[in-house]
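Colleague: pasting the sequence and the predicted coordinates here, then a few questions.
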Protein chains: 2
Amino acid sequence: MTSVYSPGSPILLPHGARIFNRLVDFLRKQYVQYGFQEVITPTIYKKALWATSGHLENYADDMYTVTSTSASRADDAEYGLKPMNCPGHCLIFASQGRSYRDLPIRYADFSPLHRNEISGALSGLTRVRRFHQDDGHIFCRPSQIREEISKTLDFVRLTYGILGLGPYRLVLSTRPEQYIGSIDDWAQAEEALKRALTESGNDYTINEGDGAFYGPKIDIILKDSDGKEHQTATIQLDFQLPKRFGLKYTAPAPEFERRGETTTDPELLAEYGPVQPVLIHRAVLGSAERLMALLIEHYNGKWPFWLNPRQAIVITVNSTEPVVRWARHTRDVLLGLSPAPASATPASPTGLAVDFDDSDRTVGLKVREATSKGYGVIVTVGPDDLLNNTVCINAAALAGPNESAEQLKKLRRINMTPEEAR
Amino acid sequence: MTSVYSPGSPILLPHGARIFNRLVDFLRKQYVQYGFQEVITPTIYKKALWATSGHLENYADDMYTVTSTSASRADDAEYGLKPMNCPGHCLIFASQGRSYRDLPIRYADFSPLHRNEISGALSGLTRVRRFHQDDGHIFCRPSQIREEISKTLDFVRLTYGILGLGPYRLVLSTRPEQYIGSIDDWAQAEEALKRALTESGNDYTINEGDGAFYGPKIDIILKDSDGKEHQTATIQLDFQLPKRFGLKYTAPAPEFERRGETTTDPELLAEYGPVQPVLIHRAVLGSAERLMALLIEHYNGKWPFWLNPRQAIVITVNSTEPVVRWARHTRDVLLGLSPAPASATPASPTGLAVDFDDSDRTVGLKVREATSKGYGVIVTVGPDDLLNNTVCINAAALAGPNESAEQLKKLRRINMTPEEAR
Ligand SMILES: [Zn+2]
Ligand SMILES: [Zn+2]
């Protein structure tokens, strides 16, 4: 929902928050594989930071300023509400000495970001002012660019495959007329991107001269079921921010290191010097809110089980006290709640999202409603179940219908990772 | 770390973020038990909202104002950067019709919050301007107050028990001279709090007249190892915010409902009418950042395994290629990474935090360093292990020393929930 008090800042209700948290959880698991470390960074930074990063110069239209509400606390400089995480990650990189052995360093961040879109352009989850990116920044050696791009393209393919999104196409944007850095740097970077793209096995097209002034980029353009195209993931090389923040690491034979080359000359290798790392900005989902809007349209109510905010519902056949009690017990079994008093042990829930309907309506009506709402598993509980210690499970997610407590256990064991839930 | 660009906004580096995420994960699991639904709410709201909530009147000194940085986008009202989540949760409650059958409704929120502390007071993780609360708001019927307070006290006891914090004492603050609402409401609410406190089995003291003007409250005062007291958790009844936001639900016999009473008179029960819900603000950890500071001091490097940002480290005995390769493999087994190519299947990591040290130093030095850093499990890998397909595990967390691959599997299986990890 959106409130008139916060235009462009979507409010995620419990079901939206479930989907959001599942996506974040999925990405966190992949971060172990892809070597990202999560950090949690400030929301507001002094304007001086945004001057250093160049945002005040180039991005002020899209930014918000933060000041003390009360004059009595106006002892501080003005702040900028962050539209991007990169400057914060540069501060972390710069906070200690770095050696070539430490690289690549990859930071991930799920912070909320704010960009001041004009109010006429705002719309639901797609054109917003506040959103969360699955943001990541890779600080690497020039010689590591190609491999990092390859891995990121891999990550994109994995994620979009799991979500069932696609096809998508890749677009490489190259050096524009206005640019910083040397022609050699650009040629080397574009070459690395092209090689990574070719190796990824995807076709790609080139937008000559359409790169950002600070580096070339790869955009992932997703085609939805209506054939409409959406730019979602992005991979951007950046020569500028590391320079503006004075980032460096030490490496042997720094002249070679800077060109992404190596030498075997022991004399050259004995000399250590500072080298500027390459910064890669990358987001796999892009805006999580916008991706959720695409998924809502894409699945059209038929969510894969692991992402379904309505995984299971327990429905009573009638409203008698024993049936309701047995139904509650069934729900607790599915949720993985212990029958012990709450204060004795911490809960280790299954992670299943289980709703409950003991409303005083016919079971047929309740099941139809649950079906049309897209529940993955519908469990009905009636007097017979009480006698036989069973429940009736109607689950597309399970193989065939059945009526045993064993089946409930199986359902509980369904692991929430996409690979097992498919 | 803290940057000069963001005083009072701590930056959580990877280890800090691990601890933070573990705490959030722990709470989310308990939320299933305690019936909280997580929501994700905006960071900035128009000033009109803060006027409705009373914050502009009573809390402006501690607030930040947000405006467009560029005059060209200044088409909007001014915003306030949120210091609390309550107004947002009231908007969600008010967004649809609510019946007495829906209550209690409990919303949880881990949003970052900003409060404009004077810069002289700022310090590390304890006196900050930006922090995360494990914030929750319970909307309930007057008759449900006592049970909700009891459950919250339960939740506090469970959490502090798991964290090994305490003892703590409970303080009930009652009606001050300046108050809103009726004396009857106050008497009834204070009575409910007292009964819940008594039932909780904890001693408590009363601070007569020290409640907020909008309702009585219970503070949890934690004593640290030096005997110093810290106010952490809080439970606050609120009669005002539901009134300011015009919150209501429908219930039979509304006159009785309002007093938290019931009737059996069928004529009265047939009449449905609107009733104002009671709002309970509660935080179990309070500020997550401040609690982390307390935990850091409390554990003094000896983290319980489930919270330890340094759960395991794999150390090479020498730097030969086969040893380093076997050590990498060992680390991947501990992390739960599949040996398959990354793009084929999503990762289902164990969740273990595993570091790696293949630096060119003696194994004795590396093990001593790892020990002093507080690693829970130290795994060394040498040439013998290669021959015998083993590793050497030095783990306080495991029963006795041992050298088998089976033991690695056991380690992998260590579930990260506190009850199993203790
Ligand atoms: Zn960036
Ligand atoms: Zn509150």
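Modeller: Okay, I see it. Ligands and ions are numbered 1, 2, ... in the order given.
Colleague: contacts and neighbour counts: CA atoms only from here.
Modeller: OK.
Colleague: so for stretch A:292-304, what gets flagged as buried?
Modeller: A:292, A:294, A:295, A:298, A:302, A:303, A:304 (16 or more other C-alpha atoms under 10 Å in any protein chain shown).
Colleague: can you pull the contacts of the nearest residue to residue A:209 once chain neighbours are set aside?
Modeller: Using C-alpha to C-alpha, 6 or more residues apart in numbering or on different chains and skipping the chain neighbours, the partner closest in space to residue A:209 is residue A:176 (3.8 Å). Residue A:176 makes contacts with A:208, A:209, A:210, A:211, A:212, A:213, as judged by C-alpha atoms under 8 Å, 6 or more residues apart in numbering or on different chains.
Colleague: which one (most neighbours) among those?
Modeller: Sorting these by how many neighbours each has (other C-alpha atoms under 10 Å in any protein chain shown) puts residue A:211 first, at 21 neighbours.
Colleague: just the pLDDT for that residue.
Modeller: With respect to pLDDT, residue A:211 scores 88.
Colleague: and it, backbone torsions?
Modeller: Recorded main-chain torsions at residue A:211 are phi -70, psi 170, according to degrees, to the nearest 10.
Colleague: list the contacts of it.
Modeller: Contacts of residue A:211 (C-alpha under 8 Å, 6+ apart): A:172, A:173, A:174, A:175, A:176, A:217.
Colleague: just the buried ones from the residues you listed?
Modeller: A:172, A:173, A:174, A:175, A:176, A:217.
Colleague: now the fourth one: how far from residue A:185?
Modeller: So that's residue A:175. For residue A:175, the distance to residue A:185 (C-alpha to C-alpha, to the nearest Å) stands at 10 Å.
Colleague: and the top helix by length along chain A, which residues are buried?
Modeller: The longest helix of chain A (DSSP state H) is helix A:14-34. Using 16+ other C-alpha under 10 Å as the test for burial, helix A:14-34 gives A:14-20, A:22-23, A:26-34.
Colleague: can you show me the helices along the stretch 1-150 of chain A?
Modeller: A:14-34, A:47-53, A:55-58, A:86-94, A:145-163 (DSSP state H, counting those that start in this stretch).
Colleague: how far is the second one from where the chain is centred?
Modeller: It refers to helix A:47-53. Distance of helix A:47-53 from its chain centroid, counting by C-alpha atoms, centre = their mean, to the nearest Å, is 26 Å.
Colleague: quick check, it touching chain B?
Modeller: Yes: for helix A:47-53, a contact with chain B is found by C-alpha under 8 Å from any C-alpha of the partner chain, at A:48, A:49.
Colleague: now for that helix, which elements pack on it?
Modeller: helix A:55-58, strand A:79-81, helix A:86-94, helix A:240-244 (3 or more C-alpha pairs under 8 Å, 6 or more residues apart in numbering or on different chains; DSSP states H and E).
Colleague: and after the last one, which helix or strand comes next?
Modeller: Right, helix A:240-244. Sequence-wise, the next helix or strand downstream of helix A:240-244 (DSSP states H and E) is strand A:249-252.
Colleague: buried set for that next one?
Modeller: A:249, A:250, A:251, A:252.
Colleague: name the nearest of the residues you listed relative to ligand 2.
Modeller: residue A:249 (45.5 Å; C-alpha to the ion).
Colleague: now that closest one: how far from chain B?
Modeller: 18 Å (C-alpha to the nearest C-alpha, to the nearest Å).
Colleague: okay, how far is it across stretch A:113-131, tip to tip?
Modeller: End-to-end distance of stretch A:113-131 (C-alpha to C-alpha): 5 Å.
Colleague: I meant stretch A:159-171, not that one.
Modeller: End-to-end for stretch A:159-171, by C-alpha to C-alpha: 18 Å.
Colleague: report the buried residues of it.
Modeller: For stretch A:159-171, by 16+ other C-alpha under 10 Å, it's A:159, A:160, A:161, A:163, A:165, A:168, A:169, A:170, A:171.
Colleague: which one of the residues you listed is nearest to residue B:142?
Modeller: Among the buried residues of stretch A:159-171, residue A:163 lies closest to residue B:142 (C-alpha to C-alpha), at 44.8 Å.
Colleague: and the closest one, how far from ligand 2?
Modeller: From residue A:163 across to ligand 2, the span is 36 Å (C-alpha to the ion, to the nearest Å).
Colleague: contacting residues for the nearest residue to residue A:177 once chain neighbours are set aside?
Modeller: Distances taken as C-alpha to C-alpha, 6+ apart put residue A:209 closest to residue A:177, at 6.6 Å, once the chain neighbours are dropped. Neighbour list for residue A:209: A:173, A:174, A:175, A:176, A:177 [criterion: C-alpha under 8 Å, 6+ apart].
Colleague: in this structure the first one contacts residue A:217, no?
Modeller: Yes: with contact defined as C-alpha atoms under 8 Å, residue A:173 reaches residue A:217; the gap is 5.4 Å.
Colleague: so where's the stretch 201-350 of chain A uncertain?
Modeller: Counting by pLDDT under 70, the stretch 201-350 of chain A has low-confidence residues at A:338-344.
Colleague: tell me where it has strands.
Modeller: Here the stretch 201-350 of chain A has its strands, by DSSP state E, counting those that start in this stretch, at A:204-207, A:217-223, A:229-238, A:249-252, A:272-275, A:278-287, A:312-316.
Colleague: quick check: angle from the third one to strand A:217-223?
Modeller: The directions of strand A:229-238 and strand A:217-223 differ by 170 degrees, with axes from the mean of the first three to the mean of the last three C-alpha atoms, to 10 degrees as the criterion.
Colleague: okay, now the sheet partners of strand A:229-238, with direction.
Modeller: Strand A:229-238 pairs in its sheet with strand A:217-223 (antiparallel), strand A:278-287 (antiparallel), by DSSP bridges.
Colleague: before we move on, the earlier item: what about the residue nearest to residue A:209, which helix or strand?
Modeller: Per DSSP H and E, there is no helix or strand for residue A:176.
Colleague: ok, so of the contacts of residue A:209, who is nearest residue B:272?
Modeller: Once C-alpha to C-alpha is applied, the member of these that ends up nearest residue B:272 is residue A:173, at 64.2 Å.
Colleague: what bridges to the closest one?
Modeller: Going by DSSP bridges, residue A:173 forms beta bridges with residue A:207, residue A:217.
Colleague: in contact with it, which residues?
Modeller: Applying C-alpha under 8 Å, 6+ apart, the residues contacting residue A:173 are A:206, A:207, A:208, A:209, A:210, A:211, A:212, A:216, A:217, A:218, A:219.
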